[in-house]
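K.L.:
Got a predicted structure here, sequence first:
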Amino acid sequence: KTAEGYFPILNGSTTDFAHPYAMTYYGDPSHEDAADKPIRIAHLLNNPAHIDDNQLWGVLKK
């Protein structure tokens, strides 16, 4: 199950509704060099029950 408060960001210009393109981050966002890693577009994996962590996004609450 996808963790509460996290969600995939999808590209809506596709007809592949089972595996649409999604924002994907290849790397560890906790590392100092995280800003140097590009965000890429890749097919959404394991939709809808167990989406990979590198395709989940959230909102930072302060």
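P.N.:
All right, it came through fine. Numbers count the residues shown, from 1 in each chain.
K.L.:
Report the contact partners of the residue nearest the centre of the chain.
P.N.:
For the chain, the residue whose C-alpha lies nearest the mean C-alpha position (Cα atoms, centre = their mean) is residue 55; its distance is 1.8 Å. The neighbours of residue 55, taking Cβ atoms under 8 Å, 6 or more residues apart in numbering as the test, are 8, 22, 23, 24, 25, 42, 44, 45. For glycine as for every other residue, the C-beta is placed from the backbone atoms N, C-alpha and C.
K.L.:
Closest to residue 60 out of these?
P.N.:
The nearest member of those to residue 60, counting by Cβ to Cβ, is residue 25 at 14.8 Å.
K.L.:
Could you check how far that closest one is from residue 8?
P.N.:
Residue 25 sits at a distance of 11 Å from residue 8 (criterion: Cβ to Cβ, to the nearest Å).
K.L.:
again with residue 33
P.N.:
When Cβ to Cβ is applied, the distance between residue 33 and residue 8 equals 24 Å.
K.L.:
of the two, who's got more company?
P.N.:
Here residue 33 and residue 8 are set side by side on neighbour count (other Cβ atoms under 10 Å), and the busier one is residue 8, at 18 against 8.
K.L.:
Now that one: phi and psi?
P.N.:
Residue 8 has phi and psi values of phi -80, psi 150 when expressed as degrees, to the nearest 10.
K.L.:
if you skip the residues just before and after it, what's nearest to it?
P.N.:
Taking Cβ to Cβ, 6 or more residues apart in numbering as the measure, residue 8 lies nearest to residue 22, with 4.7 Å between them; neighbours along the chain are not counted.
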